[in-house]
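*Asks:* what's the 3D shape of this:
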Amino acid sequence: MNIRERLDVSAYLVIGRENCVQPVDEIVAAAVDEGFTCVQLRSKVSSAREMISTLDKCAAQIQRLGKSDSVALLVDDRLDVVLAARELGIKVDGVHVGQSDIPVDVCRKFLGEDSIVGLSANSLELVTAADVSKIDYFGVGALHATSTKADAEKTLSFDELATIAEFSPRPVVVGGGVKVNDLRELAATKVNGFFVVSAVTSADNPRLAARELVNTWKTFA
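*Replies:* The predicted structure follows:
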């Protein structure tokens, strides 16, 4: 069984050096150790080479924890970075793209059938119109307005998320300013998981923040 078949988006960390109070790989290690199931490297300020170096460190941390076969390591937008990292022998499991990024069919062509391709969607219309034969999950939001995703056009209500979860043919993970106090209502929508950035990466203690998020989600999901 490959990583695509084991994909778990229940606790999904999005991380880049511009969001972090500690080194990226150290926060990734703490979050994965506390039960986060998916990691996406997303940075708008890092060079390609810096992202590749960071992926190398993150992949090594995930391997050290014995979770390389169960925790997916993805990259936001940068298909070139994924391909270059793989060429260098780094275990990167796929890519996440937005509606205006590289098309999902192109991502699938270059990454192959064993890789993960995620797609952002902020409405039921976009979810139901997508070619889901090429993707593995939807990243949906924003739940709240958030400084880490300044281009998010709108927020979605819990009722809207419940409708998306009901009709989506692929797993749905929701983010955008998600905090611990949101998780009970979010789980009630029957989405498959939550994603966070600053709730972990900017926390005074990222490990404790990750633990609280994972345990709270498991309580209600």
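
*Asks:* ok, residues contacting the strand or helix carrying residue 107?
*Replies:* For residue 107, the host element (DSSP states H and E) is helix 104-111. Applying C-beta atoms under 8 Å, 6 or more residues apart in numbering, the external contacts of helix 104-111 come out as 79, 82-83, 94-95, 97, 115, 117, 119, 130-131, 134-135. For every residue, glycine as well, the C-beta is placed using N, CA and C.

*Asks:* for the helix ranked longest in the chain, enumerate the helices and strands it packs against.
*Replies:* If you go by DSSP state H, the chain has its longest helix at helix 48-64. Judged by 3 or more C-beta pairs under 8 Å, 6 or more residues apart in numbering; DSSP states H and E, the packing partners of helix 48-64 are helix 24-33, strand 38-41, strand 72-76, helix 79-87.

*Asks:* tell me where the model's unsure across this structure.
*Replies:* When residues are selected by pLDDT under 70, those of the chain lie in 148-153.

*Asks:* show me where it has its helices.
*Replies:* Using DSSP H, helices in the chain cover 24-33, 48-64, 79-87, 104-111, 124-129, 158-167, 183-188, 198-201, 206-220.

*Asks:* for those, which one sits closest to residue 141?
*Replies:* Closest approach to residue 141 among the helices of the chain is made by helix 158-167 (8.8 Å; C-beta to C-beta).

*Asks:* buried sites along that closest one?
*Replies:* 160-162, 164-165 (16 or more other C-beta atoms under 10 Å).

*Asks:* and of the residues you listed, the nearest to residue 199?
*Replies:* Proximity of those to residue 199 was ranked by C-beta to C-beta; the top entry is residue 161 with 17.5 Å.

*Asks:* the closest residue in space to the closest one that isn't next to it in sequence and residue 163, how far apart?
*Replies:* Closest residue to residue 161 apart from its sequence neighbours, by C-beta to C-beta, 6 or more residues apart in numbering: residue 189 at 4.4 Å. Counting by C-beta to C-beta, to the nearest Å, the gap from residue 189 to residue 163 is 9 Å.
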